[in-house]
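K.L.:
Starting from these lines, generate the structure:
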Amino acid sequence: MSSPRLILVHEPEKACLERLLADGHAPERAAEIASYLAQSTDLAHEFGALASAFGRRGLGFAAVELDDAADMLAKADLAATLVWTLTDGIAYFRGGAAPALARLNGLKTIGADDSLFALCQDKFRSGAVLGALGLPVPQAGLARNGQWLVEPPVSAAGWFVKPNRLGAKIGIWPDSRCGDLGHALELSRRVFAAYRDDVVVQPYVAGRNARASLLGLRPDTGVEALGVAFVESGGDFQTMEDSLALYGETGEAAKAAGKYAEPLLLPVAESQPVADAKVRAIAERLMSGLGLRDVFSIDLRVEPDDTVHLIEFEVCPGLPCFDFRAYCRSQWGLGLADAMAETAANRITARTVAS
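P.N.:
Residues are numbered from 1 along each chain as shown. Predicted coordinates:
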């Protein structure tokens, strides 16, 4: 048997951009879409640190681009290899293929199984599943290029319109919260023209934005290790412009210009312990009923009366992003590289003991 190692599969922004341009997407829109893969760009700067952190634990580390993953995984030693997929995707991005390839080749993985990689990227379908599990997710309508596929529920507070498969919770434009369904259909036309995507139209829910993060440093890690924080960015919701300013090359440019400002993270338990407990119960249900494990994040809205709305789950949280780094420091007392390496080492040790 060869020495144990982890293979980190990632899809680079550049490869995605070139593919989108070849498919006829406008250059500016293609660049915006590819920007969602900025964590691959950001983490690439730390591959050396990751290799060192893994080496200190007697493990090898290999970062492989998605286009090269099929060959590498087919040749990997089954008994000595773990696969960690950095980026998901079933539409614009293709990272969801990596855990499926791992399963095809009989390799063990860190993270959810490939079925959840597909589900989380389709917000309308995932919302239906989450609702069936009894979780507090807003009901949704679905529109395509100005036509209703499913009409949304009535909402006295108005509606929130977001792409169904592109990114996650962002509204793209500042008017993504709207007061009439005619405007929602107009937004669906704009999204379809720009990104070729449907839109999810949900009743607007009030409250503060919150994120719950989990890294299962040990195989038996549960919701006691969940980090639950308000994310205070100064706005009600994130737009495409806001997202671009935080990550990847655009984020680096903002830092160089002195315009980079990370949102403030505030522990929910300090001001709303009841809401914190509700979030942990939601996470436990997602782990037991849906199959989330090892590493994931949840986005929520929390109202002053402790009402919690589940907005989405992510099987590939932005590992190099400010919030996940902060979680690794506060929960585990480790930087990102050591937290990832320790997670992998503990799973390999558990497999060795079990065998």
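K.L.:
show me what contacts Ala283?
P.N.:
Neighbouring residues of Ala283 by C-beta atoms under 8 Å, 6 or more residues apart in numbering: Ala212, Leu214, Val223, Leu226, Leu292, Ile298. In this view, the C-beta of every residue, glycine as well, is placed from N, C-alpha and C.
K.L.:
Over to Ala30?
P.N.:
For Ala30, the contact set (C-beta under 8 Å, 6+ apart) comprises Leu17, Leu20, Leu21.
K.L.:
And those residues, which of them are buried?
P.N.:
Leu17, Leu20 (16 or more other C-beta atoms under 10 Å).
K.L.:
Tell me where the model's unsure across this protein.
P.N.:
By pLDDT under 70, the weakly predicted segments of the chain are 1, 167-171, 235-260, 351-355.
K.L.:
From the contacts of Ala30, pick the one nearest Ala194.
P.N.:
The closest of the contacts of Ala30 to Ala194 turns out to be Leu20 (C-beta to C-beta; 12.2 Å).
K.L.:
Pro267 versus the nearest residue to the closest one once chain neighbours are set aside, what's the distance?
P.N.:
Nearest residue to Leu20 in three dimensions, chain neighbours excluded: Ala30, at 3.9 Å (C-beta to C-beta, 6 or more residues apart in numbering). Counting by C-beta to C-beta, to the nearest Å, the gap from Ala30 to Pro267 is 38 Å.
K.L.:
With Pro153 instead?
P.N.:
From Pro153 to Pro267 the distance is 33 Å (C-beta to C-beta).
K.L.:
May I have the phi/psi pair for the residue nearest to Leu20?
P.N.:
Backbone torsions of Ala30, given as degrees, to the nearest 10, read phi -60, psi -40.
K.L.:
domain parsing for the chain?
P.N.:
5-121, 139-203, 208-353 (automatic domain parsing).
K.L.:
and the contacts of Ala283, which of them are in strands?
P.N.:
The strands, defined by DSSP state E, take in Ala212, Leu214, Ile298 from these.
K.L.:
quick check, nearest of these to Gly96?
P.N.:
Distances from Gly96 to the ones in strands among the contacts of Ala283, taken by C-beta to C-beta, are shortest for Ile298, at 18.8 Å.
K.L.:
so what's the closest residue to that closest one other than its chain neighbours bridging to?
P.N.:
Of all residues beyond its chain neighbours, the one nearest Ile298 is Ala212 (4.3 Å), with distances taken as C-beta to C-beta, 6+ apart. On the basis of DSSP bridges, Ala212 is bridged to Val228, Ile298.
K.L.:
Pull the contacting residues for Ala212.
P.N.:
Contacts of Ala212 (C-beta under 8 Å, 6+ apart): Leu226, Gly227, Val228, Ala229, Val279, Arg280, Ile282, Ala283, Ser297, Ile298, Leu300.
K.L.:
What's the local residue count around the third one?
P.N.:
Translated: Val228. Val228 is flanked by 26 other residues according to other C-beta atoms under 10 Å.
K.L.:
check contacts around it.
P.N.:
Ala210, Arg211, Ala212, Pro267, Val268, Ala269, Asp276, Val279, Arg280.
K.L.:
Surely the second one and Val231 touch.
P.N.:
Read it as Arg211. Yes. With contact defined as C-beta atoms under 8 Å, Arg211 and Val231 form a contacting pair (5.3 Å).
K.L.:
Name the residues contacting each of these two.
P.N.:
Shared contacts of Arg211 and Val231, defined by C-beta under 8 Å, 6+ apart, are found at Asp323.
K.L.:
The two: who's more crowded?
P.N.:
Using other C-beta under 10 Å as the criterion, Arg211 and Val231 rank with Arg211 on top: 25 against 18.
K.L.:
what's the distance between the more buried one and Met72?
P.N.:
Arg211 is 32 Å from Met72, by C-beta to C-beta.
K.L.:
again with Gly131
P.N.:
39 Å.
K.L.:
same thing with Gly127?
P.N.:
Gly127 is 35 Å from Met72, where distance means C-beta to C-beta.
K.L.:
Kindly report the same for Gly58.
P.N.:
In terms of C-beta to C-beta, Gly58 sits 21 Å off from Met72.
K.L.:
Of those two, give the one with the bigger neighbour count.
P.N.:
A direct count of neighbours by other C-beta under 10 Å for Gly58 and Met72 places Met72 higher, at 17 against 12.
K.L.:
In space, what's closest to the more buried one - neighbours in sequence excluded?
P.N.:
Spatial nearest neighbour of Met72, excluding adjacent residues (C-beta to C-beta, 6+ apart): Val64 at 5.1 Å.
K.L.:
helix, strand or coil for Leu130?
P.N.:
helix (DSSP: H, G, I helix; E, B strand; the rest coil).
K.L.:
can you pull the contacts of it?
P.N.:
Leu130 neighbours (C-beta under 8 Å, 6+ apart): Val137, Leu290, Leu310, Phe313.
K.L.:
and if you look at Val295?
P.N.:
Val295 neighbours (C-beta under 8 Å, 6+ apart): Ile110, Gly111, Leu214, Leu215, Gly216, Val315, Pro317, Leu319, Thr343.
K.L.:
how close does the nearest residue to Glu224 once chain neighbours are set aside sit to Val308?
P.N.:
Closest residue to Glu224 apart from its sequence neighbours, by C-beta to C-beta, 6+ apart: Arg280 at 7.9 Å. Distance, Arg280 to Val308, using C-beta to C-beta: 10 Å.
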